[in-house]
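In: Just a sequence and a predicted model for now, questions to come.
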Amino acid sequence: MSHSPPDVPQDRLREEGWDRIEDTTDTLATLPGVTVRGHTVVYGDERLRAAVADATDPSLDQPWRFFFATRLWFEPPPRGIGATMFASIVRSRARSGFADRLRERGYEAVERTREETLRTDTGERATLTRYTGRDRIDTGDRTRAVPVEGWVGVWHHEDFFVAGGAYPAQSLSDALELDIETDPERHRSELFSLVRAVR
């Protein structure tokens, strides 16, 4: 059975300089009698990546911000069992998987710190979990630890959805002594807005 990818605000992402860098369908978990599958799309802020690469010597060409969304489904579809029966399992797996993704990106000291709720555009309440960590950057003359912040949200609207992302939690002008201002508060607001729009 085919399942569509999560619906994300593609026009807005394109206008704001984000490019799709991943589009995958994977088995995310195997539970008694059912397999959890997911279609994930990942976007990177390529405008910011290019600006930092152009402003540094040697060039720091790496992703600084990412946003992702996943639509989940079950194979075979569970019969006679409501989605709420799986909600705690999905939340737990989503959080641990997100923390693993941050570590795979090279972030150190990744810690879960707090939770917030967010109302999605489809009317559901998504539980968002914040993670903090450090991105160790070699600038050629020294190594700097840039603080990072990531959020992952989970909710159910016909299917389960998982969405979130991460960004520098300190202005890159301060963290890397560059003439490039980035605003962690704005990054958080933009990420939350993108998460709200997933359906």
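Out: Looks like it arrived, so ask away.

In: could you say which helix or strand contains Val36?
Out: Using DSSP states H and E, Val36 sits in strand 34-45.

In: Adjacent strands (with direction) for that strand?
Out: Under the criterion DSSP bridges, strand 34-45 sits next to strand 18-31 (antiparallel), strand 66-75 (antiparallel) in its sheet.

In: buried stuff in it?
Out: 36-45 (16 or more other C-beta atoms under 10 Å). (C-beta placed from N, C-alpha, C; glycine too.)

In: Find the residue closest to the residue most central in space within the chain in space, skipping its chain neighbours.
Out: The centre of the chain sits closest to Gly165, judged by C-alpha atoms, centre = their mean, with a distance of 2.3 Å. Excluding the flanking residues, the one nearest Gly165 by C-beta to C-beta, 6 or more residues apart in numbering is Phe67, at 3.9 Å.

In: Check Pro76 too.
Out: Residue nearest to Pro76 in three dimensions, not counting chain neighbours: Val34, with 6.8 Å by C-beta to C-beta, 6+ apart.

In: The nearest residue to Ile137 once chain neighbours are set aside: helix or strand, and which one exactly?
Out: Nearest non-adjacent residue to Ile137, counting by C-beta to C-beta, 6+ apart: Arg144, 5.0 Å away. Per DSSP H and E, Arg144 falls inside strand 143-157.

In: now for that strand, which elements pack on it?
Out: Contacts defined by 3 or more C-beta pairs under 8 Å, 6 or more residues apart in numbering; DSSP states H and E place strand 143-157 against helix 84-104, strand 107-119, strand 125-138, strand 159-168, helix 172-175, helix 184-197.

In: Identify whichever of the ones you listed lies nearest to Asp7.
Out: helix 184-197 (8.3 Å; C-beta to C-beta).
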